[in-house]
Structures are given as structure tokens and as C-alpha cells.
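1. make a model of this:
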Amino acid sequence: SDIKGFTDMSKEVPAATVMTFLNDLYTRFDSLTDVYGVYKVETIGDCYMVAGGLVARDEDGYGRAVRGQGDVDPLHAMLLLPNTGEPVKMRVGIHSGSATSGVVGHKMPRFCLFGDTVNTASRMESTGRPGVIHVSAATRALLPPEEDEEGWAPTGGVDVKGKGRMDT
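-> Just a heads-up that it's a prediction; the model follows:
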């Protein structure tokens, strides 16, 4: 995911304010990782990356990570950008497929994900609209056929760097 207006906000408010804002947002997201059955991979600036199906697959495939469950409010409460007072609008991208994972480096080693799936998820985020979850056709196809169509709207396809036209 990424935050619309983050770059401007970072220029307009003190670094400590940016840190407090991101800590508040990411703490809220962190509290939802178990709810959605995802693993927090990393945060870099305003990018928050999670992955589902790495440790365990849920009973209906990967549906819980995509759909969520019940009445969970992803942010629990409205969060505002500190420079404008506007509600946070995020771009979220989801793609499904294989990935390779491992710990890299010797100095401050960290767990990383690699592969086309990771790159494509990033492209889903970058080609998405703020306030919308942009899902690849590969992810949508993993959900049960009886899955409710409400909230799912095909885009007619988007041009994705390095991949060409993709159904989303």
C-alpha cells in the first residue's frame, strides 16, 4: 500500500510528525494481521507490505486475506493527514502467485520476499486509485465462485510496467 499525499506531507511537516503519523497508522495495520491471516513483511516509508499464505493457507484458499471477515473496520477510526487534515486515502494492490522468501544480509539481516508475484502486487498498488483496492484477475480467481460480486468491479484491464495489459 501507499498513501496519497505522503510525499507532500513529508515536505510540509517535521520528521517527528511523519514518524508519529506512520506509527499510528502502522500500529493499526499491525493489529489486523492476525484478523486477516497475513504476515507483515516490511515497511519502507509509506509502503506497508503484507503477504498471505506464507505460513498457513486458510480454509478457503486465500480468501480471508483478500476479503476479510465480518465487520472489521481496517483503520478502526478515521486517520487524518497531519498537513491537510484530510482523511488518509491509500492505494492497495493485491496479486497472487508464487514467491521466494529468505533472510538476506549479514549486517541487520532481514526477511524478504522476491519474485514476479511481489513485483506484480507492487504494480497493482501503483496503478490503482486512492481509496480503492486494486486486485489482479489471478487473485480474484482464487476466491470461491459463489463469492458475492458486490464490490468487485473489473477495470477493463490496465497497462502494467514489465507485464503489458493485465485484467484487474
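2. please, where are all the strands along the protein?
-> Under the criterion DSSP state E, the chain carries strands at the ranges 2-3, 38-44, 47-52, 90-94, 100-104, 110-114, 132-135, 158-160, 164-166.
3. for this protein, what helix or strand is lowest in average pLDDT?
-> helix 63-67 (a mean of 54; mean pLDDT, DSSP states H and E).
4. quick one: closest of the strands of the chain to residue 121.
-> Counting by CB to CB, residue 121 lies closest to strand 90-94 out of those; the figure is 5.2 Å. Where you see a C-beta, it was placed from the backbone N, CA and C, and this is true even at glycine.
5. poorly predicted segments of this protein, please.
-> Residues of the chain that meet the criterion pLDDT under 70 lie in 55-77, 147-150.
6. mind running it again at 80?
-> Counting by pLDDT under 80, the chain contains low-confidence residues at 54-78, 144-151.
7. return the residues in contact with the nearest residue to residue 6 once chain neighbours are set aside.
-> Leaving aside its chain neighbours, residue 6 sits nearest to residue 46 (4.0 Å; criterion: CB to CB, 6 or more residues apart in numbering). Shown in contact with residue 46 (CB atoms under 8 Å, 6 or more residues apart in numbering): 1-3, 6, 22.
8. dump those residues to TSV, plus neighbour count and distance to residue 88.
-> Listed next are the contacts of residue 46 as TSV, based on neighbours: other CB atoms under 10 Å; distance: CB to CB, whole Å:
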residue	neighbour count	distance to residue 88
1	18	10
2	19	11
3	22	6
6	19	9
22	17	11
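9. how far away is residue 29 from residue 158?
-> Distance of residue 29 to residue 158, given as CB to CB, to the nearest Å: 25 Å.
10. ignore what I typed, I meant residue 36.
-> Between residue 36 and residue 158 the computed distance is 25 Å (CB to CB).
11. and if you look at residue 13?
-> Using CB to CB, one gets 32 Å for the distance from residue 13 to residue 158.
12. what comes up buried for stretch 121-141?
-> 121-125, 127-128, 133-136, 138-140 (16 or more other CB atoms under 10 Å).
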